[in-house]
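Undergrad: What follows is a protein structure lacking sequence information:
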């Protein structure tokens, strides 16, 4: 792993208060103080972390889930005072209940946490809390308070990360205590101060975005009560975000004078929850769950529960039953692109690509600005051999959304069989806009070596190669500098 000492600073932050485990169970992290790190340093660290998470297949590639979490996070980010932080929100492939933030404005939310929330306001409160860890520079402030010797701190954190890979909790705690001389209880008390501050600032973001600030203390209190019932250490979120009665009381008092906002959760929120739930179970288990929930009327949204049943039936190849359940969902819910997408998915699963294409086109009429509907139509065109029609639609969409990696991935499929110049260029652009810069550079270099006459395209490829090569050199120099000052 490149520049492990710096990368380990945030990966091991939560280990100061608890042992890490081998599964993806990441802490809230905060960013690095501008007094010791430039914004480019922060962005570099965040990019490295994202690259590592992608290599572990930790980040969900589900378009609907990530589109939704970025839409919700974007509402909160619009309330953050103008600055250099550009937030990126993503869903983590882990059913444990946790969320975390990283330098550069990267905020991850585990699937398990999304499923545990009971309203869109509760989920927004978690995002706001994590965003506050970033904007308030908690890691840097923790570092300044706990230890003055940065070399000792970084060396200890590296050792802790390596020890955590063995899943040996005693080794992790022992390494940390020996290197920093802090007890777990002292560090836990210190982190609670930051948690209260993240509550306060996060509630400001919630209010500015139009949510009820009471959702934050209510959610944390419900998690705490549930954990008492389910046993100690049931929730990773509570281990990395210590909750106390005093902290919840402070948040409740802070919200007392705030206006009450009776904001209904969106249909998309409920559908996202059920998509995650259906993905987390086997087909047979999902069928039993949804049938029981509907029979006993145990649900937050009846329409979304029918949607979940439709997905479960589709996975069991009961396509007629899936369509029937989807029809029930539509009767109970307001129109939503995820309902249109599922209709097309059922047709695709049944091998009816012509019907899927018709479903996407009908969905685009209902939701003309839906990028998911557009991408689905293009995919269906490619699957039915209509490459020129697909390329025409891709190019039209790129005029509107020139930085959309999904469109570039679809474009790469058009050229995959014969035009290696455009294939590698499109794939490179997809990776570039996904901020996978090393992989993007490799694809651009392959494109530059491929045959083909297109002066404009080659010029843009060479410009990207220069940009990314310089970025690599700058990152290498920054890594050497960071190592030298330790």
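TA: Received it, and whenever you're ready, just let me know what you need. This one's a predicted model, so the numbers in the text were calculated from it and none came from an experiment.
Undergrad: burial count for residue 329?
TA: Residues near residue 329, counting by other CB atoms under 10 Å, number 25. Quick note: C-beta positions are derived from backbone N, CA and C, even for glycine.
Undergrad: Assess the claim that it and residue 303 are in contact.
TA: Yes. The pair residue 329 and residue 303 passes the contact test of CB atoms under 8 Å, sitting 4.8 Å apart.
Undergrad: Determine the set of other helices and strands touching the helix or strand where residue 322 lies.
TA: Using DSSP states H and E, residue 322 sits within helix 319-332. If you count contacts as 3 or more CB pairs under 8 Å, 6 or more residues apart in numbering; DSSP states H and E, helix 319-332 packs onto helix 302-315, helix 337-349.
Undergrad: Out of these, which one sits most buried?
TA: Greatest average neighbour count among the helices and strands packed on helix 319-332 goes to helix 302-315 (a mean of 25), per mean count of other CB atoms under 10 Å.
Undergrad: so how far is that one off the chain centroid?
TA: Distance, stretch centre to chain centre, for helix 302-315: 24 Å (CA atoms, centre = their mean, to the nearest Å).
Undergrad: list the buried ones in stretch 286-294?
TA: 286-287, 289-290, 293-294 (16 or more other CB atoms under 10 Å).
Undergrad: Show me where this structure has its strands.
TA: Using DSSP state E, the strands found in the chain span residues 88-92, 99-102, 106-110.
Undergrad: With respect to burial, which of the ones you listed scores highest?
TA: It is strand 99-102: most buried of the strands of the chain by mean count of other CB under 10 Å, with a mean of 28.
Undergrad: Can you give the strand pairings for that one, parallel or anti for each?
TA: Sheet pairing for strand 99-102, assigned by DSSP bridges, gives strand 106-110 (antiparallel).
Undergrad: Report how many residues lie close to residue 200.
TA: Around residue 200 there are 16 residues (other CB under 10 Å).
Undergrad: List the residues that contact the nearest residue to it once chain neighbours are set aside.
TA: Leaving aside its sequence neighbours, residue 200 sits nearest to residue 254 (CB to CB, 6 or more residues apart in numbering; 6.5 Å). Counting by CB atoms under 8 Å, 6 or more residues apart in numbering, residue 254 touches 199-200, 203, 213.
Undergrad: sorry, back to before: lowest average pLDDT across the strands of the chain?
TA: The minimum mean pLDDT among these belongs to strand 99-102 (a mean of 82).
Undergrad: gap between that one and the chain center?
TA: For strand 99-102, the distance to the chain centre is 9 Å (CA atoms, centre = their mean).
Undergrad: what residue is smack in the middle of the chain?
TA: Nearest to the mean C-alpha position of the chain, by CA atoms, centre = their mean, lies residue 90 at 1.2 Å.
Undergrad: show me the contacts for that residue.
TA: 59-60, 66, 69-70, 106-109.
Undergrad: so which of those residues comes closest to residue 381?
TA: Distance ranking of the contacts of residue 90 against residue 381, using CB to CB, places residue 66 first at 22.9 Å.
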